[in-house]
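[1] Pasting the sequence and the predicted model now:
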Amino acid sequence: MNTDYDVILRNGHIVLPESVQKQDIAIKDGKFVCIADSISGTAAQIEDLQENYVFPGAIDVHVHLNEPGRTDWEGFTSGSKMLAAGGMTTFFDMPLNGIPSTTTLAAFRQKNSIAKEKSLIDYRLWGGLVPGNIDNLEVLAEAGVIGYKAFISESGNEEFEAADDMTLLEGMKEIARLGKILALHAESKTITNFLVSEKIALNKRTADDYFASRPIIAEVEAVQRALYYAELTGCSLHFVHISSARAVDKILEAKQSGIDVTVETCPHYLLFSHQDLLTKGAVAKCAPPLRAEQERQKLIALLADNKFDIVASDHSPAPYSLKDPTHHDLFSAWGGISGGQFTLLSMLKLAIENQIPFYRIAKWTASNPAQRFNLKQKGMIAAGFDADFTIIDFERKTIISNDNYYARHKQSIYMNYRFPCHVVQTFSKGKQVYNSMTSDAFLPLPDTLNN
Ligand SMILES: NC(=O)N[C@H]1NC(=O)NC1=O
Ligand SMILES: [Zn+2]
Ligand SMILES: [Zn+2]
């Protein structure tokens with residue numbers, strides 16, 4: 001059939017870069033081609049959105065899908081479905097938790113071929129910066145890594161070694177030369193190892209002990225040191241999962257002085273606190289740890305004040321045995337929050353509770369990630385951009401259960417959590433990849449999706 005467009009969406013509230021407008025959207029060949037008050041013309045599919053909201057597909061810059069090597073923990077099939085069900089249309093996979101780590105060209109190629117075959121949505125891969133692999137950074141850039149990730153503390157994963165100061169300095173110099181971005185897990189290895197070994201020596205392994213072993217000061221020290229190194233080397237930085245107001249202050253100060261730096265936080269630092277580790281156990285263990293309630297309130301205030309650049313999930317799942325809630329040794333449990341499906345829903349809950357405009361949520365989840373990492377066709381509902389979007393119904397709530405959480409392992413801090421809205425459909429490059437109304441919610445994609 002010869003039509004003007006592939007899809008026309010009518011009667012939706014469209015989340016545009018600076019406002020929300022009641023407009024129609026037309027899509028052709030996987031791109032938005034027209035956003036206007038009223039679009040006439042023919043289309044193969046015309047949908048009445050019935051006052052639902054259309055958000056740009058979220059770009060999750062921070063997920064661990066663990067394939068190859070630990071596919072039983074997650075994997076590209078289950079992980080990308082879970083993300084699509086939450087309104088994500090692109091994700092960046094971290095270089096660790098799979099085996100091998102993405103620190104060599106061979107590992108990049110291996111993971112990329114698996115992801116290309118299996119992912120339901122678009123993706124990019126992070127490379128790793130670890131001691132001894134600086135000579136690999138250039139070929140990884142040529143192969144297409146989105147940037148590099150390094151740990152300043154131990155990673156919790158023996159296949160991915162923390163970067164010592166010399167590795168950081170040499171790596172930053174090289175990454176600056178390559179014009180790329182270094183993402184940092186910023187906690188001081190010296191401070192955390194010192195405090196952890198004190199606890200372990202006394203066999204103190206409770207939730208409070210774990211919390212005390214990774215204080216805010218460990219984050220602030222690592223952030224400050226990395227900012228000095230960035231000043232010295234000219235390297236662009238992205239701080240992942242920042243969990244304290246003091247660390248944000250340091251980053252904002254550096255930004256004002258001209259350092260090229262961005263700051264990410266995760267929904268779990270905004271929705272949960274140390275109290276959840278005390279009551280729910282290992283499902284609430286992450287690093288940095290969930291903070292005290294008053295710190296959570298400070299982070300929400302910073303968010304409302306538009307101080308974060310990006311919100312990402314840090315989805316880091318593990319099998320049940322490593323997150324067993326009856327197991328009281330919080331040091332040996334896996335550190336990582338399973339919740340990659342809930343970044344956009346979490347932000348919408350926070351938006352409603354704190355009077356944050358929806359277009360700003362779209363900045364933190366879509367347009368800022370796209371701009372920071374140079375995805376030129378993505379992150380906005382605008383003519384010429386990839387038709388990546390998700391439809392949200394604010395008349396319908398979502399209660400998280402085994403049936404509507406699509407991660408491979410269901411145990412999660414979000415189990416039974418209530419969100420004030422519902423993801424109805426997700427489209428990636430103009431094709432529906434998720435529809436909560438159909439029994440088989442995920443739809444097959446053309447082979448071209450990740451080309
Ligand atoms: N290895 C890994 O996934 N680590 C992540 N988990 C977490 O809680 N913080 C992290 O950096
Ligand atoms: Zn981390
Ligand atoms: Zn992570």
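    Arrived safely, thanks for sending. Ligands and ions are numbered 1, 2, ... in the order given.
[2] any idea how far the longest strand seen in the chain is from the chain center?
    The longest strand of the chain (DSSP state E) is strand 5-15. Distance, stretch centre to chain centre, for strand 5-15: 26 Å (Cα atoms, centre = their mean, to the nearest Å).
[3] try stretch 30-48
    30 Å.
[4] Run through who's touching that stretch.
    For stretch 30-48, contacts defined as Cβ atoms under 8 Å, 6 or more residues apart in numbering pick out 1, 3-11, 14, 16, 23-27, 377, 381-387, 429-431. Placement of C-beta: from N, CA and C, glycine included.
[5] Now the buried members of the residues you listed.
    5-10, 14, 16, 23-27, 381, 385-387, 429-431 (16 or more other Cβ atoms under 10 Å).
[6] Okay, now the sheet partners of the longest strand of the chain, with direction.
    Strand pairing for strand 5-15, using DSSP bridges, gives strand 20-28 (antiparallel), strand 43-48 (parallel), strand 53-56 (parallel).
[7] Next, format those strands as CSV and append distance to ligand 1 and mean pLDDT.
    Formatted as CSV, these follow (distance: least, Cβ to the nearest ligand atom, whole Å; pLDDT from 0 to 100):
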stretch, distance to ligand 1, mean pLDDT
strand 20-28, 34, 98
strand 43-48, 38, 96
strand 53-56, 26, 98
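[8] Quick check: which of those strands has the most neighbours on average?
    strand 53-56 (a mean of 25; mean count of other Cβ atoms under 10 Å).
[9] could I have that one exported to PDB, CA atoms only?
    Extracted in PDB, the C-alpha atoms of strand 53-56 (Å, rounded to 0.1, in the frame of the first residue of the first chain):
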ATOM      1  CA  TYR A  53       1.600  11.000  26.800                       C
ATOM      2  CA  VAL A  54       4.400  10.400  24.300                       C
ATOM      3  CA  PHE A  55       7.900  10.500  25.700                       C
ATOM      4  CA  PRO A  56      11.100  10.200  23.700                       C
END
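[10] Helix or strand next in line after it, which one?
    As assigned by DSSP states H and E, the chain's next helix or strand after strand 53-56 is strand 58-63.
[11] Check what contacts the next helix or strand after that next one and list those residues.
    Per DSSP H and E, strand 58-63 leads on to helix 76-85 as the next helix or strand towards the C-terminus. Here helix 76-85 makes contact (Cβ under 8 Å, 6+ apart) with 60, 63, 65, 67, 91, 93, 114-115, 117-121, 123, 315, 340-341, 404-408, 423, 426, 428, 433-434, 436, 441-442.
[12] Need the buried ones from the residues you listed selected in PyMOL.
    Buried residues within these, by 16+ other Cβ under 10 Å, are selected in PyMOL with:
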select buried, resi 60+63+65+67+91+93+114+115+118+119+120+121+123+315+340+341+405+406+407+408+423+426+428+433+434+436+441+442
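[13] just checking, which of the contacts of helix 76-85 belong to strands?
    Per DSSP E, strands hold the following members of the contacts of helix 76-85: 60, 63, 91, 93, 123, 423, 426, 428, 433-434.
[14] Distance from the helix or strand hosting A107 to the middle of the chain?
    Per DSSP H and E: A107 is located in helix 105-118. From the chain centre to the centre of helix 105-118 is a distance of 20 Å (Cα atoms, centre = their mean).
[15] For it, list every residue counted as buried.
    For helix 105-118, a neighbour-count test (16+ other Cβ under 10 Å) marks 105, 107-108, 110-112, 114-115, 118 as buried.
[16] Who are the contact partners of K298?
    With Cβ under 8 Å, 6+ apart, K298 has these contacts: 244-245.
[17] ditto for T90
    57-60, 121-124, 369, 375, 378, 388.
[18] Highest neighbour count among these?
    Using other Cβ atoms under 10 Å as the neighbour test, these are led by D388, with 33 neighbours.
[19] So that residue is in contact with F55, correct?
    No. Contact criterion Cβ atoms under 8 Å: D388 and F55 do not qualify, at 9.9 Å.
[20] per-residue pLDDT, the nearest residue to N136 once chain neighbours are set aside?
    Among residues not flanking N136 along the chain, T104 sits closest, at 5.5 Å (Cβ to Cβ, 6 or more residues apart in numbering). Per-residue pLDDT puts T104 at 98.
[21] which parts of the stretch 151-300 of the chain sit against ligand 1?
    155-157, 185, 286-287 (Cβ under 6 Å from any ligand atom).
[22] Got phi/psi on D386?
    In terms of degrees, to the nearest 10, the main-chain angles of D386 are phi -60, psi 140.
[23] swap that for N402, please
    phi -60, psi -30.
[24] can you tell me which residues contact it?
    So N402 contacts 410, 415 (Cβ under 8 Å, 6+ apart).
[25] now swap in the one 5 residues further on and tell me
    With Cβ under 8 Å, 6+ apart as the criterion, the residues that contact A407 are 74, 78-79, 82, 315, 317, 338, 340-341.
[26] That one and M415: what is the separation?
    Taking Cβ to Cβ, to the nearest Å as the measure, A407 falls 11 Å from M415.
[27] cool, L182 as well?
    Distance, L182 to M415, using Cβ to Cβ: 35 Å.
[28] Same question for G179.
    From G179 across to M415, the span is 42 Å (Cβ to Cβ).
[29] Mind checking which of the two has more residues around it?
    M415 (16 against 9).
[30] which residue sits closest to the most centrally placed residue in the chain, ignoring its sequence neighbours?
    The centroid of the chain falls nearest to A312 when counting by Cα atoms, centre = their mean (2.9 Å). Leaving out its chain neighbours, the residue that sits closest to A312 by Cβ to Cβ, 6+ apart is H62, at 3.7 Å.
[31] shouldn't the one you found be in contact with D93?
    No. Assessed by Cβ under 8 Å, H62 is found out of contact with D93, at 9.2 Å.
[32] ok, now which ones touch I216?
    Residues near I216 by Cβ under 8 Å, 6+ apart: 243-244, 246-247, 291, 295.
[33] wait, I meant G132
    If you count contacts by Cβ under 8 Å, 6+ apart, then G132 has T167 around it.
[34] where does it land in three-state SS?
    coil (DSSP: H, G, I helix; E, B strand; the rest coil).
[35] can you give me the helices in the stretch 101-250 of the chain?
    105-118, 137-143, 165-178, 189-201, 207-213, 216-233, 245-256 (DSSP state H, counting those that start in this stretch).
[36] Which elements pack onto the first one?
    Helix 105-118 is packed against helix 76-85, strand 122-125, helix 137-143, with contacts defined by 3 or more Cβ pairs under 8 Å, 6 or more residues apart in numbering; DSSP states H and E.
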